[in-house]
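*Asks:* my questions concern the predicted model and sequence given below.
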Amino acid sequence: MKIAVSGKGGVGKTLIAGTLARLFAKDGFKVLAIDNDSAMNLSYTLGIDKEVKSNIVPISEMKKLIEERTTLEGAGPGVYNITPQVADIPDRFKVSGPDGLQLLVLGSIEEPATGCLCPENALIRTLLYNLFVKRDEVIIVDFEAGMEHLGRGTAKGIDVMLVITEPSQKSLDLCAKIIELSKKLGIINIYLIANKIFDDTQLDFINQKVNEWEVPLYHSIPFDSEIGKADLNGISPIDSNPDAKGVQAIKNLYSKLKQLKLELFDL
Ligand SMILES: Nc1ncnc2c1ncn2[C@@H]1O[C@H](COP(=O)(O)OP(=O)(O)OP(=O)(O)O)[C@@H](O)[C@H]1O
Ligand SMILES: [Mg+2]
């Protein structure tokens, strides 16, 4: 199953993507987490070893590799291969993390709004496009904030799109757009998730707002100071305090997604 996590900046995409990756891995699934964000935060949430983390170079910064894969023999300047060979890249550059999970740091796609076809983008898009999932394998993509990067290439093969919102109008507005675009791109299982919820009033506000949407609220995660604490200490929230209410709520989300996987692929 290929799960992608999207939403406005700072809503909790990385927290949710990383914690879900750990939960799938703990449960025995083969997990590949993909960091498609320039800030490279996913490794913290996953609890990747400091030493391993310090040696990670995002694929988008591997100038030599990009050049080698996108150069077209005999072509002039500005002409390059937009469907580079990438099949070997995940295995070559992924790193191992806790519970046997693996992480591939792609880095972000630059200037997507302009449809920039620079070699870095061609490589990253082709990689996202070619992430094929085997049975009992789970791929979790932590997308960069916003929706500009979402296109036919990057959305290909996404089985489940988790759209994360915080209790704010701005965040919900972007979710509405992401949901609309995801539908257009042919993604069938789209789920709205509220994060950083303080109280029922906020949940009511969101429920009211999405009342007319075709995608109802699927799950909610409370605001939890334990998550901030883990962040400050540079420790994965699931390792810092597995019983924290925020982590517990993501565990409940995990149970729903596991059931969904069963329904989609194994029945
Ligand atoms: N439920 C929560 N309770 C408390 N703090 C939270 C919660 N969810 C996320 N946070 C905190 O909010 C901040 C942003 O979370 P996170 O990095 O997961 O968001 P993001 O959507 O990936 O952000 P970006 O768009 O910058 O990649 C972090 O400091 C994180 O610890
Ligand atoms: Mg993030």
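*Replies:* Perfect, thanks for sending it. All figures in this text were calculated on a predicted structure; none of them were measured in a lab. Numbers count the residues shown, from 1 in each chain. Ligands and ions are numbered 1, 2, ... in the order given.
*Asks:* so Leu103 sits in a strand?
*Replies:* Yes: counting by DSSP: H, G, I helix; E, B strand; the rest coil, Leu103 falls inside a strand.
*Asks:* beta-bridge partners for the nearest residue to it once chain neighbours are set aside, please?
*Replies:* Spatial nearest neighbour of Leu103, excluding adjacent residues (CB to CB, 6 or more residues apart in numbering): Ala33 at 4.8 Å. Backbone N, C-alpha and C define where each C-beta goes, glycine included. Counting by DSSP bridges, Ala33 is bridged to Leu103, Ile140.
*Asks:* mind checking pLDDT for Ala33?
*Replies:* Ala33 carries a pLDDT value of 97.
*Asks:* and it, how many neighbours?
*Replies:* The tally of other residues near Ala33 (other CB atoms under 10 Å) stands at 29.
*Asks:* so who does it touch?
*Replies:* When contacts are counted by CB atoms under 8 Å, 6 or more residues apart in numbering, Ala33 touches 17-18, 21, 42, 46, 97, 101-104, 139-140, 142.
*Asks:* do that again at 6 Å, thanks
*Replies:* Counting by CB atoms under 6 Å, 6 or more residues apart in numbering, Ala33 makes contact with Ala21, Leu103, Ile140.
*Asks:* and what of Thr14?
*Replies:* By CB under 6 Å, 6+ apart, the neighbours of Thr14 are Asn41, Leu42, Thr45, Asp142.
*Asks:* helix or strand for it, just tell me which one.
*Replies:* For Thr14, the element it lies in under DSSP states H and E is helix 13-26.
*Asks:* Ile221 too?
*Replies:* strand 217-222.
*Asks:* helices or strands up against that strand?
*Replies:* Counting by 3 or more CB pairs under 6 Å, 6 or more residues apart in numbering; DSSP states H and E, the packing neighbours recorded for strand 217-222 are strand 189-197, helix 200-210, helix 245-261.
*Asks:* and the angle from the last one to strand 189-197?
*Replies:* With axes from the mean of the first three to the mean of the last three CA atoms, to 10 degrees defining the directions, helix 245-261 sits at 170 degrees from strand 189-197.
*Asks:* now what about helix 245-261, what contacts it?
*Replies:* Residues outside helix 245-261 that contact it (CB under 6 Å, 6+ apart): Met1, Thr19, Leu20, Leu23, His219, Ile221, Pro222, Asp224, Ile227, Pro237, Ile238.
*Asks:* if we use 7 Å, what do you get?
*Replies:* When contacts are defined by CB atoms under 7 Å, 6 or more residues apart in numbering, helix 245-261 is touched by residues 1, 16, 19-20, 23, 160, 193, 219, 221-222, 224, 226-227, 237-238, 241.
*Asks:* please pick the buried ones from the residues you listed.
*Replies:* When these are checked for burial by 16 or more other CB atoms under 10 Å, the buried set is 1, 16, 19-20, 23, 160, 193, 219, 221-222, 224, 227, 237-238, 241.
*Asks:* how about the helices in this structure?
*Replies:* Taking DSSP state H, the helices of the chain run over residues 13-26, 42-46, 50-54, 63-70, 89-93, 119-129, 152-155, 169-184, 200-210, 225-233, 237-240, 245-261.
*Asks:* low-confidence ranges, the protein, go.
*Replies:* For the chain, the stretches with pLDDT under 70 are 110-117, 267.
*Asks:* and it, which residues reach ligand 1?
*Replies:* Taking CB under 6 Å from any ligand atom as the contact definition, the chain meets ligand 1 at 7, 9-15, 37, 39, 41, 145, 195-196, 221, 223-224, 227-228, 231, 246.
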